[in-house]
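Undergrad: any chance you could fold what I've pasted below:
(2 chains)
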Amino acid sequence: MTYGKEKKQVEALENVGLSIEPGEFFSIVGPSGCGKTTVLKLIGGLLKPTSGRIAIDGRPVQDARKNREFGFVFQTPALLPWRNVMQNVLLPLEVIGENTPTNRKKAFDLLDFMGLSKFLDSYPSALSGGMQQRVSIARALAFSAKLLLMDEPFGALDAMTRTKMAYELLRIWIQFRRTVVFVTHDIPEAVLLSDKIAIMSERPGKIVETLKIDLPRPRSAESQNDPAFTRHVQTIREHFGLA
Amino acid sequence: MTTMSQLGREIRTYSLSVGFIILVVILWELFTTFFKIPQYLLPSPTATLASFVTKWPALSAELIYTLEEIMVGFALGTVVAFGLAVIIASSPLLPKILYPVIVAVQVIPKIALAPVFLVWFGYGEVPITMITALICFFPVLVNSIKGLVTIDQSIADLMSSLYASRRQVFLKVQLPNCIPYLFASLKVAMTFAIIGAIVGEWIGGSSHGVGYLMLVYSSNFDTAPLFAGILLITLVGVILFAITALFEKLAAPWAQPVELTFST
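TA: Numbers count the residues shown, from 1 in each chain, chains lettered A, B, ... in the order given. Next up is the predicted model:
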């Protein structure tokens, strides 16, 4: 599995070959328990592969982790309950030792852009699930991470909030243009957001196919009316025997 | 956030509880007068209160000793327990080895070790303070370890993805995560400390303290002053518990109540 400018393909899990381009929104879609999260944790260096190789810009993932190149967003917001919104977003900067006035201003602007500026002093427990997840995304964007790793970030939200968050993520991604690896089991969500989608089969996890999504950017809720959208959703559904 | 209606409901619930207590006291008063219960068996609330006032000089003089045992024992037991918890939790392996052992030790009624302390520390305030420290020690140790190691997996992953040092994980995650556990256990330890001091005085052969005074009253069938002693020690317990609870609110305003592991 490779990521970056190099295009060597190396296997992880059973036969997982991925190549993700810089600046790309890349989704991994598959049924529950197929190992999507494992792939994401391997990319982020939280798990070590038993065999195979993963590279970030041609370097080992552990180097990239030491460089703080990964911004994780988990299925749960994983906010520190004793820190308010602003303090949670500043956590990575504190850990890295870059909690400078300039970066704090940037973090504030980011929270403002995400509609959170009124909640800077709120504790996470006072926020809704959707708001908490927004803070979690802001935290991943608030420092210099090049790669955003999102593990079913909307999985714990209700359907309506989930859809809103997907639109919000489109808006954020256009603004910040990070490379994103996005894990989901929601097919329309993946099609709406992604440049490429890797389709994973059930355990042992394998990448069955990687699809290019040629919906024009910038995308919005209306992109779902595009015939190409329906076509892509249909193609992926067929892979899982849903159509 | 507590809204006005919630506050109103809380006040209503509290006033019902207070009303219930008043009702019990009135029934108790009526019971003792109506059935002419002898005072050495069960003094009436008014007799207890009267005795509380007349015996106040003796009670308050002895209270100083008991309070000292409670506070020194509490401080010693909890500080040592928390320090040890930090040491144990800073190793990845130690909690796994020791936690089950410590939980198992919970089964031993610590107060049963009191006679051993008499052998080790002689008579007087020292063994009593040590008994108090011992029974404060375990709830704080167990729950502090729990608070230091029970970290949400995603938060642990987050810190790991940021390549945070062990020191950073300890200071930014483990320690604040432990605060609600620590304070919840301090409340338990505070009530235990009072038990430790009183029981310690009963068996410790000390000639001081409210517990000692209660023994004297008891052996003289001086039951009303004995009840005054119980009333005093109850009041002390309520006040010390309230102070600890207040510190908890100040130290961890974000916290949800945590489930505790403890036994006497």
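
Undergrad: could you use CA atoms for every contact and neighbour count after this?
TA: OK.

Undergrad: just give the nearest non-adjacent residue to B:G229, would you?
TA: Nearest residue to B:G229, sequence neighbours excluded (C-alpha to C-alpha, 6 or more residues apart in numbering or on different chains): B:M214, at 6.2 Å.

Undergrad: surely the one you found meets B:L226?
TA: Yes - in this structure, B:M214 is within contact of B:L226 by C-alpha atoms under 8 Å, at 5.3 Å.

Undergrad: where along the chain do the helices fall?
TA: Here I'm looking at chain A. Residue ranges of the helices in chain A, as given by DSSP state H, are A:36-43, A:61-66, A:85-96, A:101-113, A:129-141, A:159-176, A:187-193, A:227-239.

Undergrad: please refer instead to chain B.
TA: B:4-34, B:45-54, B:56-89, B:94-105, B:114-121, B:125-149, B:153-161, B:166-169, B:175-204, B:210-219, B:223-251.

Undergrad: Serialize these to JSON lines and add fields for mean pLDDT and mean neighbour count.
TA: Shown next, in JSON lines, are these (pLDDT from 0 to 100; neighbours: other C-alpha atoms under 10 Å in any protein chain shown):
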{"stretch": "helix B:4-34", "mean pLDDT": "89", "mean neighbour count": "13"}
{"stretch": "helix B:45-54", "mean pLDDT": "95", "mean neighbour count": "17"}
{"stretch": "helix B:56-89", "mean pLDDT": "96", "mean neighbour count": "20"}
{"stretch": "helix B:94-105", "mean pLDDT": "87", "mean neighbour count": "14"}
{"stretch": "helix B:114-121", "mean pLDDT": "88", "mean neighbour count": "16"}
{"stretch": "helix B:125-149", "mean pLDDT": "93", "mean neighbour count": "27"}
{"stretch": "helix B:153-161", "mean pLDDT": "96", "mean neighbour count": "19"}
{"stretch": "helix B:166-169", "mean pLDDT": "95", "mean neighbour count": "14"}
{"stretch": "helix B:175-204", "mean pLDDT": "93", "mean neighbour count": "24"}
{"stretch": "helix B:210-219", "mean pLDDT": "94", "mean neighbour count": "20"}
{"stretch": "helix B:223-251", "mean pLDDT": "94", "mean neighbour count": "18"}
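
Undergrad: where does chain A come near chain B, residue by residue?
TA: Taking C-alpha under 8 Å from any C-alpha of the partner chain as the measure of proximity, chain A contacts chain B at A:44-46, A:65-66, A:68, A:70-72, A:74, A:76, A:78-82, A:92, A:95-96, A:123, A:125.

Undergrad: hang on, the earlier thing: ok, the residue nearest to B:G229 to B:E69 distance?
TA: Separation of B:M214 from B:E69 (C-alpha to C-alpha, to the nearest Å): 16 Å.

Undergrad: now do B:L158
TA: For B:L158, the distance to B:E69 - C-alpha to C-alpha - is 45 Å.

Undergrad: any idea which helix or strand of chain A has the worst average confidence?
TA: strand A:2-3 (a mean of 44; mean pLDDT, DSSP states H and E).

Undergrad: which ones are touching the residue nearest to the spatial centre of chain A?
TA: By C-alpha atoms, centre = their mean, chain A has its centre lying nearest to A:M150, at 2.7 Å. Residues in contact with A:M150 (C-alpha atoms under 8 Å, 6 or more residues apart in numbering or on different chains) are A:40, A:72-75, A:180-183.
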